Structures are given as structure tokens and as C-alpha cells.
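S.K.: Predicted model and sequence below, questions to follow.
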Amino acid sequence: MTVASRLLGKVMKLPVAQSHAVKVERNLKIPMTDGVVLLADRYVPAGGGGPLVLVRSPYGRSNVFGTLFGTLFAERGLQVLLQSCRGTFGSQGRFDPFAEREDGLATVAWMREQDWYPGSFCTAGPSYLGMVQWAIAGEVGPELKAMAALVTTSDPHAMMFGGGSFSLETSLVWITMLANQERRLALMRQRSANRRLRPLFATLPLDELDSQATGYEVRSWQEWLKHSQADDEYWSARRYSAGRQAVGASVSFVGGWQDIFLPGQLKDYAALRAAGHEPYLLIGPWQHTDTDGMAASIRESVAWLRARMLGDASQLRSAPVRIYVGGGAQWRDLPGWPPPATEQRWHLQAGGGLRPDLPEPSEPDSYTYDPADPTPSIGGPVLSASAKRITTPPDNRDLEARSDVLTYTSVPLEKDLEVIGQVTADLVVQSSLEHTDFFARLCDVDPSGRSAGVCDALRRLTPGRPAAEADGTVRLSIELWPAAHRFKAGHMIRLQVSSGAHPRFARNPGSGEPLGTATTFAAARQRIYHDPSRPSAVVLPVTSDS
């Protein structure tokens, strides 16, 4: 047992270590089908053997990932094979983000030939370490007994191009992190890079940002900009959603309400439920890199893998689903996700109101979206360039004071209203441009007027998608981030509508130019309708109205 593992085990409230003497075999050479050799370290509990956990990572083996997913697991009776993905930390070849199927299957084939292979294995890891699990999960058969899929998804495209727009900040932060992680003084370099990124977000064209951020052209960045559509052949080797139905492993999910992968992760959960599985699910009040979320992920992983691989279910909770309900309601155990709910349509009203009643006849509201001065992003799920940890949602009032942001607010609630599930904004809109975006955010406004975001999403419009009505309007359904929140009595419900959240999403220039090379701006005149024949509403899954 190391000092670091002892301290982390205590801080993360892990079960007591069973094995204090962990043996580590370094730099095992694993050949791939094309002759490239990947490196791995094997962590073995005292006495040798034990159920095997495969962890594949692009973030290194001897750093914190080695402690979290090597030492801590091995100390609790699980042997671990921790492998560096192609092109990272000594493994040969070029790192090709998300294209992990062939290397993953080759690694499993190599494991089968080792005398220490126990005949089955499990997988674990967060974020990219979860995507590599999905890359092989539907193809390795019954040998894969369990998965701990943490803040991740089987479909990286859905995160990078959610709603049709490019996740600019998350993507640029990630490639700079990858560019710096193997350099000397990596942490200091990344902090310096983060400071340089902020002004870069305002720069066009986008296909020059990788060079400006890292000092060289990043091939994957260029590929993402050229292959933005989900049905592009480029993504067929990088999306693994189609294999979910064939997964036989028991799966435990951990997510966060402000995590960049949450919608995709819940689709993975739903797909397994539809296939007859009973996965576990934990969703907390976390962002993607939240330390509390990571601690919970390790606890859940150890408990899940020990239960499935060693028969020790002492650390498992009885309820298969546990969620954190915001607004002060705290943790809730459920038999499944989502819980039963009643849909309530809160209609946008003239004068900025929001009520369950249908609106009266009224003229549409309008605003101008100018990509030269894009509506900024305030909060929301993002892999941020800022190192500051956000513990409470930021106040939206300054954002809502802009002329390119509309708000629709209820009267103070007479009683608590609990919303758990999929929130949707059904808007009737019209734009002067065929290429434009609409952004919707649900907010909780307290008696002081502070407006805190609960969930949001953006939807991109392109010519004919979605189709316009005869009068030129478009009926637009925007699935916001899933949510679990209690609006307290005296608080107000607010829907915020705009046409951007930059740099979280790349601004829509309005010109229809290609994503990577666009430099021409066109301002869009936007209309939001709220009359009896063209009602707009936010649809809330209400589980409690007390």
C-alpha cells in the first residue's frame, strides 16, 4: 500500500484494503493486428490472481490513473491490466480518438493467451476510458462479465455535435490537454494553455484554432470539422451504440447532472433496460471533472466489480437507481429511470409570462442574433478551460439582460414542484435565415431574483431541417439535458430562449459556410410565437406537486 492509495482510499470512503502488497509488472508489450505494440502495466494483489479488470486509457499509467484504477482496485482483490491507448505514453502508433474497437479486441485476444488470464474479465473507467469499454462490449461475448461505465457514452458524436452544433470549448480544451499531458511540467503547461484559449474562442476560421492552441495541426480536430454529420462514414468506426443490444455484461453507470455525456449515457442505460438488463445508475450534482464525482465513481466501481466478480455484494445499495434531486431535495433512490411523471406544459405568454394555460392571441416576440457579438455561455455542461471548480450554478441575470435573450417567467409557486426526467422546449419559431440556432434553458428563480440554470440545450436549423410550415414558422422540439430538480414554493420557473451559447457551442455564422472555414457573418432576426394556434411551451416531467 502506498501513501497515495492509503490517503485516497480514506478520502473516497472505499472498503478496507484486503491486499497491502500489490505487485506491478511494468511495460508489458501487447501486439496489435497491424504490428503496432501497446504498453500496459499489470497490478496484481498479494498472492496473485484474482478477477481481471481491463482498463484502457490515453492518459497514462504511472500517474493518478495508475493509483485510482490500478493500486486501489488491486488492494481490494482485483488484478488490473492498465493499458495505454495507441500513440500515448509509450504505446506505438498514432492516437486516433474514439477508433478503439480493433485495438480493444486485439488486447482481449492477447489476454486469453496469458497464463494468468482467469477466463473472464470486466472493464472500468470514466470518460474516454468508458468509450473504449463500449468499443468492445458487444463483441467479446460472455467473457465480459461486468462494466463500470463512468461519465461516458457509447456515442461520442452526440456529445461533440449535440443538437447539430460543434462543442467548441470542450473539444478545444481536450486537444490542448492531450497535447500537453506528456510534456515536462504538464500541469503548468495546461494552465498556461487554458489562459491562452479564452481569446482563441473568438477567432475564425475554426480550422486554424488547433495550430494556434497547440502549435501544430491536430489531425483529429481537422477531421471533426470536416465530418460533422452523424451519418458520415467517419463516425461508423467511432460510434458503438449499435452494439448495445449484444452486451451481456452487467453494467453500472455513474453520471452527473452537469456532465457533458449525460444524455448519451442515459440513452445507453435505456437501451440496456430495453434489452432486458437491470443496470445500476447513479447521478449526482457533478460536472465532468468534479472530484466528488470521481470519488463516487471509484466507490461505485469497486462495489459493483466486487459484487459481480467476487460475489461480495456488501457494498451495493438495494435500489438500482440513485439520483441527486437539486433544489434542496438531495438524494433519492428509485427502482428505475425515469420515474413515473406527469407531463405539464407551461406555455409562453405575451409579456414574458409562463403559465400552464394556453396563451391569448398575441404578436410574436423577436430579437436579433448577431454572430459578431454571440450570446455568451454562462454555466452548463462543458469541459471548461477554467480550472475553477463550480459548486453552485451561476446567476443568469446579466445574460438575461441582453437584447438577444428572451425570458418567460411564472408567478411565484404556491407549493413545491418537483421535476424529474426529460425536459423539452416545444417552440414555434421563425428566422430570417435558413442557417441558425435556437438555445433554451430552464431556470429556477429564487425570491431575490437570482436565476440559476437547471438544464438546457441548443438546436441547429439548416435548410429544410426541420421543415417549415406554410406560414414560414418551424415547430421546434429541443430536448434539454435530463434533470432532477425541486422548484420550491415562492420560487419561479423561467424559460430562457436565445440563439447561442458561445464558446460552449460554436457560433452559427448564419452564412451556411462549412464549419471549419466559415468567416462570413449574417445576423438573424428571430421570432418566438405564443398564440393559441402556434403555442410554445416548456414540457416538464412533474413527479410531485405538493
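M.R.: Arrived safely.

S.K.: got the residue ranges for the strands in the stretch 301-450 of the chain?
M.R.: 321-325, 330-334, 342-348, 354-355, 365-369, 406-409, 417-421, 424-431, 436-445 (DSSP state E, counting those that start in this stretch).

S.K.: Name every strand pairing with the longest one and say which way it goes.
M.R.: Strands flanking strand 436-445 in the sheet, each with its direction: strand 451-461 (antiparallel), strand 492-498 (antiparallel) (DSSP bridges).

S.K.: In TSV: the strands of the stretch 301-450 of the chain, plus mean pLDDT.
M.R.: Shown next, in TSV, are the strands of the stretch 301-450 of the chain (pLDDT from 0 to 100):
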stretch	mean pLDDT
strand 321-325	98
strand 330-334	96
strand 342-348	98
strand 354-355	98
strand 365-369	98
strand 406-409	98
strand 417-421	98
strand 424-431	98
strand 436-445	98
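
S.K.: okay, those, which one's buried deepest?
M.R.: Scoring these by mean neighbour count under mean count of other C-beta atoms under 10 Å gives strand 436-445 as the most buried, with a mean of 25. For glycine as for every other residue, the C-beta is placed from the backbone atoms N, C-alpha and C.

S.K.: coming back round to it: any chance of the strands paired with strand 436-445 in a markdown table with mean neighbour count and mean pLDDT as columns?
M.R.: Below are these laid out as a markdown table (neighbours: other C-beta atoms under 10 Å; pLDDT from 0 to 100):
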| stretch | mean neighbour count | mean pLDDT |
| --- | --- | --- |
| strand 451-461 | 23 | 98 |
| strand 492-498 | 23 | 98 |
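
S.K.: Between these, which one is closest to Leu172.
M.R.: strand 451-461 (17.1 Å; C-beta to C-beta).

S.K.: Report the inter-axis angle for that closest one versus strand 424-431.
M.R.: Counting by axes from the mean of the first three to the mean of the last three C-alpha atoms, to 10 degrees, strand 451-461 lies at 60 degrees to strand 424-431.

S.K.: how about the CA coordinates for the helix or strand just after strand 451-461, as CSV?
M.R.: Later in the chain than strand 451-461, the nearest helix or strand by DSSP states H and E is strand 474-479. Output in CSV follows, covering the C-alpha atoms of strand 474-479 (Å, rounded to 0.1, in the frame of the first residue of the first chain):
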residue,chain,number,x,y,z
VAL,A,474,-40.9,26.0,-37.7
ARG,A,475,-42.2,23.8,-34.9
LEU,A,476,-39.0,23.0,-33.0
SER,A,477,-38.7,20.4,-30.3
ILE,A,478,-35.5,20.8,-28.2
GLU,A,479,-34.7,18.0,-25.8
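
S.K.: what packs against the helix or strand that strand 474-479 is followed by?
M.R.: Counting by DSSP H and E, the element after strand 474-479 in chain order, helix or strand, is strand 483-487. Counting by 3 or more C-beta pairs under 8 Å, 6 or more residues apart in numbering; DSSP states H and E, the packing neighbours recorded for strand 483-487 are strand 321-325, strand 417-421, strand 436-445, strand 451-461.

S.K.: Quick one: those strands as CSV, columns for distance to Gln181 too.
M.R.: Listed next are the helices and strands packed on strand 483-487 as CSV, based on distance: least, C-beta to C-beta, whole Å:
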stretch, distance to Gln181
strand 321-325, 31
strand 417-421, 37
strand 436-445, 32
strand 451-461, 29
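
S.K.: how about Leu383, what does it touch?
M.R.: 169-170, 173-174, 260, 288-289 (C-beta atoms under 8 Å, 6 or more residues apart in numbering).

S.K.: Can you list the buried residues in the strand or helix carrying Gln222?
M.R.: Here Gln222 sits within helix 219-226, counting by DSSP H and E. Buried positions in helix 219-226, judged by neighbour count with 16 or more other C-beta atoms under 10 Å: 220-221, 224-225.

S.K.: Pull the distance from it to the chain's centre.
M.R.: Using C-alpha atoms, centre = their mean, to the nearest Å, the mean C-alpha position of helix 219-226 is found 20 Å from that of the whole chain.

S.K.: Alpha carbons only: can I get that helix in CSV?
M.R.: Only the C-alpha atoms of helix 219-226 are listed here, as CSV (Å, rounded to 0.1, in the frame of the first residue of the first chain):
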residue,chain,number,x,y,z
ARG,A,219,-5.4,15.7,-37.4
SER,A,220,-8.4,14.7,-35.4
TRP,A,221,-9.5,18.3,-35.0
GLN,A,222,-9.4,18.8,-38.7
GLU,A,223,-11.4,15.6,-39.2
TRP,A,224,-14.1,16.6,-36.8
LEU,A,225,-14.7,19.9,-38.6
LYS,A,226,-15.0,18.1,-41.9
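
S.K.: if we can go back for a sec, so can I have TSV of the strands paired with strand 436-445 showing distance to Arg525?
M.R.: Shown next, in TSV, are the strands paired with strand 436-445 (distance: least, C-beta to C-beta, whole Å):
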stretch	distance to Arg525
strand 451-461	14
strand 492-498	14
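
S.K.: For Thr214, which of those strands is the nearest?
M.R.: That would be strand 451-461 among these, by C-beta to C-beta, at 26.3 Å.

S.K.: where does the chain dip in pLDDT?
M.R.: Scanning the chain with the threshold set as pLDDT under 70 gives 1, 185-189, 385-391, 545-546.

S.K.: now with 90?
M.R.: Applying pLDDT under 90 to the chain flags the ranges 1-21, 46-49, 62-65, 183-196, 198, 328-329, 384-393, 544-546.

S.K.: how does it divide into domains?
M.R.: 3-166+228-334, 167-227, 342-545 (automatic domain parsing).

S.K.: follow-up on the earlier one: can I get the strands of the stretch 301-450 of the chain in CSV with distance to Leu515?
M.R.: Output for those, formatted as CSV (distance: least, C-beta to C-beta, whole Å):
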stretch, distance to Leu515
strand 321-325, 35
strand 330-334, 40
strand 342-348, 31
strand 354-355, 34
strand 365-369, 18
strand 406-409, 27
strand 417-421, 32
strand 424-431, 19
strand 436-445, 13
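
S.K.: right, and those strands - which one's nearest Ile528?
M.R.: It is, among the strands of the stretch 301-450 of the chain and with distance given as C-beta to C-beta, strand 365-369, at 4.8 Å.
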